[in-house]
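Q: Quick one, fold the following:
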Amino acid sequence: MPKTNFIVFTIYKKTSKFNPNKQAMKTKLFILLFSFICCSILPSCISGKKLSKTASQTNWNEYRLVVSFLSKGSGIDNTAHEAFLKFVNEHPEKPKHEVYRWGREGEIDYCFQLAEFKSKGQKEFIENVKKIIGTSDVVQISENSPCVHKK
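A: Residues are numbered from 1 along each chain as shown. You can find the predicted model right below:
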């Protein structure tokens with residue numbers, strides 16, 4: 001009788017779709033992939049430290065100041081534009097900026113990183129730009145944002 005049980009078990013084992021070794025391997029593979037994904041998405045998982053954004057980790061797709069001259073059907077505000085350009089071109093620090101023309105009526109973006117300035121100088125520059133632009137409703141000033149019309 002014991003031989004028959006052994007033969008039946010052997011036949012069942014060969015025809016059965018469930019294989020404990022294969023199932024264990026799948027489980028181990030799943031755990032390995034899950035931990036790899038977690039550690040690659042969350043860098044603090046690897047280092048054990050909370051990451052903080054420093055000046056050296058600045059996102060270069062984000063600009064400290066973006067000045068956009070818009071149009072509502074009659075072109076940009078030329079007086080504000082000329083005053084702004086005069087201020088930027090005559091500024092003693094000569095701040096580097098990128099210019100993107102994007103519209104049919106003269107719409108244009110000026111994107112500044114303001115890396116030439118320290119924090120206080122950046123704030124002063126931005127405040128001066130806001131004073132020059134004034135209350136124009138066709139000029140948009142954005143801080144710490146991407147340059148939307150950059151190609």
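
Q: What is the end-to-end distance of stretch 124-142?
A: 15 Å (C-alpha to C-alpha, to the nearest Å).

Q: Tell me where the chain has helices.
A: Ranges of helices within the chain are 2-15, 20-41, 43-47, 78-90, 119-133, based on DSSP state H.

Q: packing partners for the last one?
A: If contacts are counted by 3 or more C-beta pairs under 8 Å, 6 or more residues apart in numbering; DSSP states H and E, helix 119-133 sits against strand 62-69, helix 78-90, strand 139-146. Bear in mind the C-beta positions are built from the backbone N, C-alpha and C, glycine included.

Q: burial measure for Tyr110, as a count.
A: Look at Tyr110: counted by other C-beta atoms under 10 Å, it has 22 neighbours.

Q: Then Val66?
A: 24.

Q: likewise Lys123?
A: 13.

Q: Ok, Phe69 next?
A: Residues lying near Phe69 (other C-beta under 10 Å) number 24.

Q: ok so, going back, right, so of the helices and strands packed on helix 119-133, which gets closest to Ala24?
A: In terms of C-beta to C-beta, the element of the helices and strands packed on helix 119-133 nearest to Ala24 is strand 62-69, at 47.3 Å.

Q: can you list contacts of the closest one?
A: Contacts to strand 62-69, defined as C-beta atoms under 8 Å, 6 or more residues apart in numbering, come from residues 76-77, 80-81, 84, 106-114, 122, 125-126, 129, 133, 138-149.

Q: same thing with stretch 115-134?
A: Residues contacting stretch 115-134 (C-beta under 8 Å, 6+ apart): 64-65, 67, 80, 83-84, 87, 91, 93-96, 112, 114, 139, 141, 143.

Q: If any of those residues are buried, give me the ChimeraX selection for them.
A: To isolate the buried ones among those in ChimeraX, judged by 16 or more other C-beta atoms under 10 Å, type:
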select :64,65,67,80,83,84,95,112,114,139
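
Q: Assess the claim that Lys150 and Arg101 are in contact.
A: No - using C-beta atoms under 8 Å, Lys150 is not in contact with Arg101; the gap is 11.4 Å.
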